[in-house]
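Engineer: fold the following for me, if possible:
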Amino acid sequence: MIRFQLVGLVLCLAVTSVACDERLSEVAGPTPNLEPTLSNIQREIFNVSDPSGRLSCIQCHTNVGRTPLAGLLLVEGQSFQSLVNQASRAKPGAVFVVPGDPDNSYLIQKLEGSPTITGARMPRNAGPFLTAGQISIIRRWIQLGARND
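Structural biologist: Below you'll find the predicted structure:
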């Protein structure tokens, strides 16, 4: 009897974990199958504009021909060092990415337009902003420890 209950519990957990992945995919907008890794976020969110008209993050956060906006460099190979455990220049005491803590990561606050941010919600110019799903993927990457993967 206990054996059947254990098998049932394992099956239930497996179905639940698959359902969680499907829900994230459903809300991810232009990046429906994106895994929460920095390399995927870099390639699919930071580097590219999407069909909604949102410009790529690296159009402003680059050092090619300009100083990156707010000193935040999001180009490939530089974004991890610019984000993880790095203080914001615009808001004293704020850290862009606090590994394991998306709610206290200033990047999330800027992307969501928290009333506590300094300056404008990102991306600037009143959007279009990242979708709730894209932000969820970035939140999940942070929650999982914000690894350089």
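Engineer: pull up the gap between Thr131 and Ser52, please.
Structural biologist: 8 Å (C-beta to C-beta, to the nearest Å). The C-beta positions use only the backbone N, C-alpha and C, and glycine is treated the same way.
Engineer: of the two, who's got more company?
Structural biologist: Thr131 (18 against 12; other C-beta atoms under 10 Å).
Engineer: for Ser39, see how far away the more buried one is.
Structural biologist: Taking C-beta to C-beta, one finds Thr131 at 20 Å from Ser39.
Engineer: what do you get for Ser88?
Structural biologist: For Ser88 relative to Ser39 (C-beta to C-beta), the value is 24 Å.
Engineer: swap in Gly53?
Structural biologist: In terms of C-beta to C-beta, Gly53 sits 25 Å off from Ser39.
Engineer: of the two, who's got more company?
Structural biologist: Using other C-beta under 10 Å as the criterion, Gly53 and Ser39 rank with Ser39 on top: 12 against 8.
Engineer: phi, psi of that one?
Structural biologist: Main-chain torsions, Ser39, degrees, to the nearest 10: phi -60, psi -40.
Engineer: then Gln109?
Structural biologist: According to degrees, to the nearest 10, Gln109 has phi -60, psi -40.
Engineer: that one contacts Gly119, doesn't it?
Structural biologist: No: checked against C-beta atoms under 8 Å, the pair Gln109 and Gly119 is beyond contact range at 11.1 Å.
Engineer: neighbour-wise, which of the two wins?
Structural biologist: Gln109 (22 against 12).
Engineer: and the helices in this structure?
Structural biologist: Per DSSP state H, the chain carries helices over the ranges 2-27, 38-41, 79-83, 106-112, 132-143.
Engineer: residue contacts, Ala87?
Structural biologist: Gly93, Ala94, Val95, Phe96 (C-beta atoms under 8 Å, 6 or more residues apart in numbering).
Engineer: try 6 Å
Structural biologist: The contact partners of Ala87, by C-beta atoms under 6 Å, 6 or more residues apart in numbering, come to Val95.
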